[in-house]
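Novice: Please find the sequence and the predicted model below.
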Amino acid sequence: MSSACPTLNVKAVGRAQNRVAEPIVLTSCILLTLHLHCSRGTHFTDIAPLVIILGLNLLFCGGIMSQSERNKLIVVFLVWAVAWRFFFLGLAAGDQAEIGSYGKAREVFWAKLYPGDGHDLYCGSLFKGKGGLNIEHVYAASWMGEYLGCGSRVKCRASSDPSTRKRFNHMEGDLHNLWPALATINKARSNYSFGIISGEYRKPLKWCDFEYRRTTRVAEPRPAVRGEIARSIFYMSDEYGLPIDPRMIKLLIEWNKADPPSSHERWRNDRIESLQGTRNKFIDDPQLGDHAD
């Protein structure tokens, strides 16, 4: 806005207040709406750029507004910001809105994504039907709850904060993060971080190239699916603003490069898009993973 605003004749203040204050409020609210709609985070820092815009508006055009008008503008802006943060952000953060719960995700997973047979993630064994299998959250559900501050999965699903409850349920049910896994291996992996373990310490199944160490809380998957794991984690971080353990970032970037998307992973990406309306862009363009953090 022009710096000439403060030089307006004081006699025009009364007429100018309505002409200028209302567009400022409207513009600020529109920008805030667009910004939060595109945001992937959940913190008040999401609105920092708009707070700056508001401050500049008041700085350069404060001369044509009375103190009461400036106060009204600030109140309107803050009310709008708080409303978006606590009520609408749960809808805006993350585009996946088709599957609203893990219960629904389980139904879709077995009925439409893996209706007949397939190969489990960690061992690559062929399965027919879901007997002996669990659904694995590559980005552990407990990590989601820790980030949102709602505790266990049960507590997060029933959180008293509508925004937190909605966000967690959408995260937990996002098909891009769900993979079939042998129940024994799924239990062994727990919520351990991914990493490399020295030697060949294969447990709990000797024939399956999956290793884990309780002492370090690290799990090592077979090389053939390390790229899938990396891209699932990148997706969850990008889609929902979830953090990635700093100890894993460099390794996941390497895994993404070393194990590019397979034809099955690309098929799965297409299929999930048809089921929940979102794609994993790190499968479409693996080079995006070079800049993951």
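Specialist: In hand now; what should we look at? Residues are numbered from 1 along each chain as shown.

Novice: Distance of Y139 relative to K104?
Specialist: When CB to CB, to the nearest Å is the yardstick, Y139 and K104 sit 18 Å from each other. (Glycine included, C-beta is placed from N, CA and C.)

Novice: So for these two, which residue has more residues nearby?
Specialist: The residue with the greater number of neighbours, taking Y139 and K104 and applying other CB atoms under 10 Å, is Y139; the counts read 25 against 14.

Novice: I'd say the more buried one and A230 touch.
Specialist: No - look at Y139 against A230 with CB atoms under 8 Å: they stay out of range, at 10.9 Å.

Novice: Residue ranges in the stretch 51-200 of the chain under the pLDDT threshold?
Specialist: Confidence mapping of the stretch 51-200 of the chain against pLDDT under 70 gives the ranges 51-66, 69-70, 72-73, 76-95.

Novice: Apply 90 and report the result again.
Specialist: Judged against pLDDT under 90, the low-scoring parts of the stretch 51-200 of the chain cover residues 51-98, 198-200.

Novice: As a check, name the ranges of all helices in it.
Specialist: All helices of the stretch 51-200 of the chain, identified by DSSP state H, counting those that start in this stretch, fall at 67-83, 89-92, 102-108, 141-148, 153-157, 162-172, 183-189.

Novice: and the fifth one, what other elements does it pack with?
Specialist: Counting contacts by 3 or more CB pairs under 8 Å, 6 or more residues apart in numbering; DSSP states H and E, helix 153-157 packs against helix 141-148, helix 162-172.

Novice: can you list contacts of it?
Specialist: The list of residues contacting helix 153-157 from outside it, by CB atoms under 8 Å, 6 or more residues apart in numbering, reads 101-102, 141-142, 144-145, 148, 150, 164-165, 168-169, 172.

Novice: Tell me the buried residues in that helix?
Specialist: Residues of helix 153-157 classed as buried: 153, 156-157 (neighbour count, 16 or more other CB atoms under 10 Å).

Novice: Can you lay out those as TSV showing distance to R222?
Specialist: Listed next are those as TSV, based on distance: CB to CB, whole Å:
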residue	distance to R222
R153	27
C156	31
R157	32
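
Novice: between these, which is nearest H264?
Specialist: Distance to H264, by CB to CB, is smallest for R153 among the buried residues of helix 153-157, at 28.3 Å.

Novice: Isn't L275 up against Y114?
Specialist: No - contact between L275 and Y114 fails when scored by CB under 8 Å: they sit 11.5 Å apart.

Novice: Of those two, which one has the most company?
Specialist: Neighbour tally, L275 and Y114, criterion other CB under 10 Å: the higher count belongs to Y114, 22 against 16.

Novice: residues contacting that one?
Specialist: Residues 130, 180 are the ones in contact with Y114 under the rule CB under 8 Å, 6+ apart.

Novice: Tell me how far it lies from D259.
Specialist: Separation of Y114 from D259 (CB to CB): 21 Å.

Novice: same thing with N280?
Specialist: As defined by CB to CB, N280 lies at a distance of 15 Å from D259.

Novice: H119 too?
Specialist: Between H119 and D259 the distance is 15 Å, computed by CB to CB.
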